[in-house]
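J.: Sequence first, predicted model second:
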Amino acid sequence: MSLRNANLKIAIVHDWILNLSGAERVLKVLHDIFPQAPIYTLVYNKDFTDKFLPKAKIKPSFLQKAYQFLRSHQFLVPFMPMAIESFDFSKFDLVISSSVSFSKGIILRPHTINICYCTSPMRQVWDWSSEYKREKHRTPKLIVILWQHLIRIWDRQAAHRVDHFIAISEVVRKRIKKYYQVDSTVIYPPVEFLKSKIKLSKPDIRNYFLIVSRLFPSKNVDIAVRAFNRLNWPLVVIGDGPERKRLQKIANPNIQVLGHLTDDQVVNYYTNCSGFIMPQEEDFGITPIEAFSYGKPVLALRCGGALEYIEEGINGEFFDAPVPDVLANGVRRMRENLAKYNPEKIKKTAERFSVERFKKELLEFITNVTRV
C-alpha cells in the first residue's frame with residue numbers, strides 16, 4: 001500500500017488530543033500510515049500523547065498555554081475557530097483533517113488539498129441543537145443560543161474549505177449532505193481488535209452483559225443500569241467520565257461500574273460476557289465491533305451507525321427507544337436467543353472493519369484525488 005506520489009508533503013490535523021476515544025484511535029492509525037506527518041492540534045495532554053503517540057511530532061495552537069493553565073479545553077471553545085485558522089500549512093501538499101468540530105476549518109493555499117475525515121457535523125449546533133439548549137449549563141441560555149448561531153455560520157463556511165469529505169458511516173454522509181450541501185465518500189473507521197498479552201482468568205461473575213463506554217449523559221448508560229436493576233441480571237460497565245459516581249450510586253448489587261481498565265482487562269471481560277449492550281446513538285460505534293471480534297452479539301438502540309452492521313438474529317438485536325423497559329425487553333430477547341447465535345458468523349462482521357481494510361481504502365482514495 002503506497003501513494004502514487006510518494007513526494008507529497010502531508011500533515012494531519014486533529015481537534016484536540018486529550019484522552020482515548022474512537023476519534024483518537026483513528027488518529028493513531030493515520031499516524032501509523034503517515035509516521036512522518038506532523039500532527040497539528042488545538043490543545044493536547046502531553047501525559048496522554050507521550051504514551052499513546054510517543055513518536056509523533058505534535059504541533060499545538062497558541063491555546064496550549066491557556067489549556068495547561070486552566071486544565072480544561074471547554075473554556076477555550078470560543079477561541080478555537082480563530083486558533084485553527086492560525087496554523088501555517090504553506091509547505092504542505094495535502095492536509096488530512098480529522099474532525100468532529102473545528103479542524104476542517106484550516107486555511108490553505110490553492111494548491112494544498114484538504115481531505116476531511118469527518119466524524120460528524122458538530123452535533124451541538126446541528127441535529128442535537130435543541131437537546132443541547134435543554135442541558136444544564138453554567139452559561140446563561142441566551143449566550144448558549146448566540147454561541148450556537150455564530151458557530152453554525154462559521155461551521156458552514158469552514159465546510160466549504162474542504163476539498164473532499166470522507167464520512168465514517170452512511171448516517172454521517174447524510175448529515176454532511178444536509179447541513180453542508182456537499183457529497184462525501186464513506187470509509188468506515190478502523191477497529192484494532194484487542195488481544196491480550198497475558199493469560200486470562202474468568203471474572204468472578206457469570207452470565208453477565210457488558211457495556212464499554214465513556215460515561216457521559218449522551219451515552220444513556222443510566223438507562224441500561226435502570227433496566228438491569230429491574231431485570232436483576234448481572235451487568236458490567238467499563239469506562240470513566242462525569243456520570244460514573246451517579247451510576248455507581250443508582251446501581252443495584254447485580255451491577256458493577258468498574259471505571260477505566262487496561263486493554264488486557266477489557267479483553268478479559270469481552271471474552272467472557274454473554275452479550276454487549278450499546279444503549280446510545282453512535283455515529284458509527286467502535287466498541288460493538290470489538291465485541292463482534294469475540295463472537296459476542298450486540299443489543300443496540302435502533303438508530304445511527306448500528307443500522308449499518310447489526311443484523312437481527314444474526315449478530316445481535318435492536319431496541320426501539322431509550323427507555324429502561326424497552327431496553328430490558330431487548331435484553332430478554334437477546335438472552336433467549338444466545339444459543340442460536342453463531343460466534344464465527346459474528347466474527348465475520350468484525351472483519352469488515354479491520355485496520356488493513358481502512359488503510360487500503362484511504363490510500364486508494366488519496367491516490368485518486370491527488371492524481372495529476
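T.: Thanks, I have it.

J.: Flag every buried residue along stretch 325-332.
T.: Neighbour-count burial for stretch 325-332 flags 327, 328, 329, 330, 331 (criterion: 16 or more other Cβ atoms under 10 Å). Heads up, the C-betas are built off the backbone N, CA and C, glycines and all.

J.: Quick check: which element contains the fourth one?
T.: Secondary structure from DSSP states H and E places residue 330 in helix 324-336.

J.: Where in this structure is the helix or strand with the lowest mean pLDDT?
T.: helix 129-134 (a mean of 78; mean pLDDT, DSSP states H and E).

J.: tell me what it is packed against?
T.: With contacts taken as 3 or more Cβ pairs under 8 Å, 6 or more residues apart in numbering; DSSP states H and E, helix 129-134 sits against helix 141-159.

J.: and with 6 Å instead?
T.: Using 3 or more Cβ pairs under 6 Å, 6 or more residues apart in numbering; DSSP states H and E, no helix or strand is in contact with helix 129-134.

J.: Could I get the CA-only coordinates of it as PDB?
T.: Extracted C-alpha coordinates of helix 129-134, given in PDB (Å, rounded to 0.1, in the frame of the first residue of the first chain):
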ATOM      1  CA  SER A 129     -29.200  21.700  18.800                       C
ATOM      2  CA  SER A 130     -32.400  21.600  20.700                       C
ATOM      3  CA  GLU A 131     -31.200  18.900  23.100                       C
ATOM      4  CA  TYR A 132     -28.000  20.900  23.800                       C
ATOM      5  CA  LYS A 133     -30.100  24.000  24.700                       C
ATOM      6  CA  ARG A 134     -32.100  22.000  27.200                       C
END
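
J.: Go ahead and name everything in contact with the helix holding residue 330.
T.: 223, 226, 227, 230, 231, 275, 297, 299, 317, 319 (Cβ atoms under 6 Å, 6 or more residues apart in numbering).

J.: Just the ones of those residues in strands?
T.: Among those, the residues falling in strands (DSSP state E) are 275, 299, 317, 319.

J.: Who is the third one paired with across the strands?
T.: Beta-bridge partners of residue 317, counted by DSSP bridges, are residue 299.

J.: Next one: it, what pLDDT does it get?
T.: pLDDT recorded at residue 317 is 97.

J.: Can you report how many residues lie near it?
T.: 25 (other Cβ atoms under 10 Å).

J.: now do the first one
T.: Residue 275 is flanked by 21 other residues according to other Cβ under 10 Å.

J.: Show the pLDDT at residue 264.
T.: pLDDT, residue 264: 87.

J.: What residues sit buried inside the helix or strand harbouring it?
T.: Element membership for residue 264 (DSSP H and E) is helix 263-272. With burial defined by 16+ other Cβ under 10 Å, the residues of helix 263-272 counted as buried are 265, 266, 267, 268, 269, 270, 272.

J.: Present those as TSV; the columns should include distance to residue 347.
T.: Listed next are these as TSV, based on distance: Cβ to Cβ, whole Å:
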residue	distance to residue 347
265	21
266	17
267	15
268	18
269	17
270	12
272	16
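
J.: of all the residues you listed, which comes closest to residue 210?
T.: Residue 210 lies nearest to residue 269 out of the buried residues of helix 263-272, by Cβ to Cβ, at 5.6 Å.

J.: wait, what's in contact with that closest one?
T.: Per Cβ under 6 Å, 6+ apart, neighbours of residue 269: 210, 236.

J.: Roughly how far does it sit from residue 276?
T.: Look at residue 269 and residue 276: by Cβ to Cβ, to the nearest Å, they are 10 Å apart.

J.: do the same with residue 357
T.: For residue 357, the distance to residue 276 - Cβ to Cβ - is 22 Å.

J.: Low-confidence bits of the stretch 1-150 of the chain, can you list those?
T.: 1-6, 136-137 (pLDDT under 70).

J.: can you map out the strands along it?
T.: 10-14, 39-41, 58-60, 94-99, 113-118 (DSSP state E, counting those that start in this stretch).

J.: CSV for those, including distance to residue 155 and mean neighbour count?
T.: Output for the strands of the stretch 1-150 of the chain, formatted as CSV (distance: least, Cβ to Cβ, whole Å; neighbours: other Cβ atoms under 10 Å):
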stretch, distance to residue 155, mean neighbour count
strand 10-14, 15, 24
strand 39-41, 18, 24
strand 58-60, 22, 18
strand 94-99, 10, 25
strand 113-118, 11, 24
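
J.: Would you format the ones you listed as JSON lines with distance to residue 184 included?
T.: Below are the strands of the stretch 1-150 of the chain laid out as JSON lines (distance: least, Cβ to Cβ, whole Å):
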{"stretch": "strand 10-14", "distance to residue 184": "17"}
{"stretch": "strand 39-41", "distance to residue 184": "22"}
{"stretch": "strand 58-60", "distance to residue 184": "27"}
{"stretch": "strand 94-99", "distance to residue 184": "12"}
{"stretch": "strand 113-118", "distance to residue 184": "7"}
